[in-house]
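J.: Sharing a model that was predicted from the sequence below.
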Amino acid sequence: MFQKIIALIIIVLFLVRLFWQKNKKQIKANEFIFWLIFWLIVAVLIINLKLIDALVANLGFSGSGIDVLLYLAIAILFYFIFRLRLKMEKIEKDITEIVRQVALKEKDK
Amino acid sequence: MENRNIKKSEQQKVVVVIPAYNEEKNIIRIIQKVKALVDEIVVVDDGSIDQTYFLAQSQGIKVLKHILNRGQGAALETGNQYALKIGAEIIVHFDADGQFLAEEIKDLVEPIKNGEVDVVFGSRFLGKKSSIPWFKEKIILPIGKLVNKFFVGKSLTDSQNGFRALSKKAVEIIKIENDHMAHNTEIQAKVFKNKFKVKEVPVTIIFNKFGQGILSGKGRGAGGLNIIKDLFLAKLMD
């Protein structure tokens, strides 16, 4: 129970920070919604940890609910890294194109 | 009268593109050797931090400058685009480190000039003697060939050779998207995909001590493993 309360307090702190950032216009609306939903889902999951334990056991996992959440988090992180890589590659290409256009323009002068 | 010199022997303008990254030791020698043999030279200085740009410019040729180092593939594409702009009919890719022999440019250009093919690749394995180090010949190049076969589908006798000539038509269609060393494989893949007529001609390669290893090489994205990584990424991005 104690752990749950700490976790929920941390989530509330993140949410406060999120609203603060929104007010200061440091983040975009879609980013704000993404993180809002993300933290709310995490909060719901933490409150219902027992339920998740049962669900996870039913699915055939040997670990507890929180373990499975951790596995899922890692899988999602990998996916994000992959997405980032592709995005970076795209940015690299854009930089090259800019450098190329500058080189060609300079020559035209 | 047979004119072995390509320069102005026919109407087709031959432009040599030389990408250069920190080549202050070689660039003048290379330019002087090539200059007399072709219509025009375009050196693309790929963000060198040495005197390459100024030395090349002192030779009275076209020099383009990448303000940042983007890799050999990127420099070649910049050179290609500029060559097309100045009316090139045949474009030759030539290295700035003195690996290739300028006298052999004509061997690569002629089949295109005759209308025989659209693309000519130089090959170290068609008769002419190149001093390839043992490890490179027996280990690295066969692996390179295998990787190439996987990505290109077909294989050339020398899949890892940057000495090539392309017709205007080929350069207009083949846009080099890989900024680093994997452009070599990319060009071959696009040549075959677009069903351009291809010829391989024997060339001599003078080996330098540095060049490319498995993990390292000169400039961005060089080194065998980097090339394979780039090829996979390119596939994914498609």
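T.: Thanks, I have it. Numbers count the residues shown, from 1 in each chain, chains lettered A, B, ... in the order given.
J.: Any stretches of the chain with poor pLDDT?
T.: Using chain A here. A:108-109 (pLDDT under 70).
J.: wrong one, I was asking about chain B
T.: Ranges of chain B meeting pLDDT under 70: B:1-10, B:128-132, B:208-224, B:236-238.
J.: repeat that with 50
T.: Scanning chain B for pLDDT under 50 picks out B:1-4, B:6-9.
J.: where exactly do the helices run in it?
T.: For chain B, helices defined by DSSP state H occupy the ranges B:27-35, B:52-57, B:72-85, B:105-113, B:134-135, B:141-152, B:168-173, B:183-193, B:224-237.
J.: Point out the most buried one among those.
T.: Most buried of the helices of chain B, by mean neighbour count (mean count of other C-beta atoms under 10 Å in any protein chain shown): helix B:72-85, with a mean of 25. From N, CA and C alone the C-beta is placed, and that goes for glycine too.
J.: Determine the set of other helices and strands touching that helix.
T.: If contacts are counted by 3 or more C-beta pairs under 8 Å, 6 or more residues apart in numbering or on different chains; DSSP states H and E, helix B:72-85 sits against helix A:65-108, strand B:14-20, strand B:40-46, strand B:62-66, strand B:90-93, helix B:168-173, helix B:183-193.
J.: Compare those and give me the one nearest A:A43.
T.: For those, the distance to A:A43 is smallest for helix A:65-108, at 12.6 Å, taking C-beta to C-beta.
J.: between the closest one and strand B:40-46, how big is the angle?
T.: 140 degrees (axes from the mean of the first three to the mean of the last three C-alpha atoms, to 10 degrees).
J.: how about helix A:65-108, does it get close to chain B?
T.: Yes: for helix A:65-108 and chain B, the contact criterion (C-beta under 8 Å from any C-beta of the partner chain) is met by A:85-86, A:89-90, A:92-93, A:95-96, A:99-100, A:102-104, A:106-107.
J.: what about B:N184, distance to chain A?
T.: 17 Å (C-beta to the nearest C-beta, to the nearest Å).
J.: show me what contacts that residue?
T.: Contacts for B:N184 (C-beta atoms under 8 Å, 6 or more residues apart in numbering or on different chains) come out as B:S159, B:Q160, B:N161, B:G162, B:I227.
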